[in-house]
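J.: take this sequence and fold it.
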Amino acid sequence: MEAFTHAIYINAACEKVFSYIATSSGISKWFMGNASYYYGNSSIRLGEAVAEKGDSYLWKWKNKEHELKGIVTASEKDKCFQFTFSPLYIVTIKLSTNISGKTLLTLSQKYQESAVKDDFNYINCCACWVFFLTNLKSVIEHGIDLRETNEDDGILVNV
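T.: The predicted structure follows:
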């Protein structure tokens with residue numbers, strides 16, 4: 001296994017979906033607990049500012065002591081957003097509109113050329129992206145975040 005692809009239709013314009021992917025305030029609503037994008041000499045992009053190619057990021061998981069650093073490798077407004085995802089992967093998210101006005105979001109994750117393959121991590125990512133893309137759809141279309149919000153509610157799933 002070298003790569004996987006997931007796709008989902010979201011009943012919203014590409015512009016709106018892109019803002020949920022490529023801004024720190026947007027990605028925090030469905031994926032990360034906290035996200036920051038940096039440009040130049042560590043200047044921070046504010047919440048609604050779109051991350052650009054070459055930006056670095058620091059993402060912190062919700063209800064976890066886990067963080068991830070990486071680089072935005074492509075950012076084409078309302079069409080494509082790509083980033084390193086750990087030292088192992090490159091994630092590419094492409095957006096297009098169908099004839100009914102829905103956005104088709106296609107997410108592909110592949111190993112970086114220098115990565116040592118890790119089957120467990122790969123399968124975990126494949127499964128977790130299904131949940132998070134479903135959560136993105138839920139947040140955009142219904143305003144409902146499916147992530148656990150209170151550690152006292154029970155078992156938290158490791159992602």
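J.: could you pull out the helices for the protein?
T.: Along the chain, the segments classed as helices by DSSP state H run 14-22, 24-27, 119-142.
J.: out of the ones you listed, nearest to residue 72?
T.: Among the helices of the chain, the nearest to residue 72 by C-beta to C-beta is helix 14-22 (8.1 Å). C-betas here are computed from N, CA, C, even on glycine.
J.: show me what counts as buried in the closest one.
T.: 14, 17, 18, 19, 20, 21, 22 (16 or more other C-beta atoms under 10 Å).
J.: circling back to that earlier point, in TSV: the helices of the chain, plus distance to residue 59.
T.: Below are these laid out as TSV (distance: least, C-beta to C-beta, whole Å):
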stretch	distance to residue 59
helix 14-22	12
helix 24-27	7
helix 119-142	12
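J.: columns distance to residue 48 and mean pLDDT on top of those helices, output as TSV?
T.: Formatted as TSV, the helices of the chain follow (distance: least, C-beta to C-beta, whole Å; pLDDT from 0 to 100):
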stretch	distance to residue 48	mean pLDDT
helix 14-22	7	98
helix 24-27	6	97
helix 119-142	16	97
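J.: low pLDDT regions in the chain?
T.: 1, 150-159 (pLDDT under 70).
J.: swap in 80 and give it another go.
T.: Along the chain, the model assigns pLDDT under 80 to residues 1, 149-159.
J.: buried sites along stretch 98-105?
T.: So, applying 16+ other C-beta under 10 Å, buried residues of stretch 98-105: 102, 103, 105.
J.: name the nearest residue to residue 66, ignoring sequence neighbours.
T.: Once flanking residues are discounted, residue 66 sits nearest to residue 60: 7.3 Å by C-beta to C-beta, 6 or more residues apart in numbering.
J.: contact partners for that neighbour?
T.: With contact taken as C-beta atoms under 8 Å, 6 or more residues apart in numbering, residue 60 is in contact with 32, 33, 34, 35, 66, 67.
J.: out of those residues, which are buried?
T.: Buried members of these, counted by 16+ other C-beta under 10 Å: 32, 35.
J.: any chance of the contacts of residue 60 in CSV, with distance to residue 147 too?
T.: Listed next are the contacts of residue 60 as CSV, based on distance: C-beta to C-beta, whole Å:
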residue, distance to residue 147
32, 10
33, 9
34, 13
35, 14
66, 14
67, 16
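J.: in strands, which of the contacts of residue 60 fall?
T.: Among the contacts of residue 60, the residues falling in strands (DSSP state E) are 34, 35, 67.
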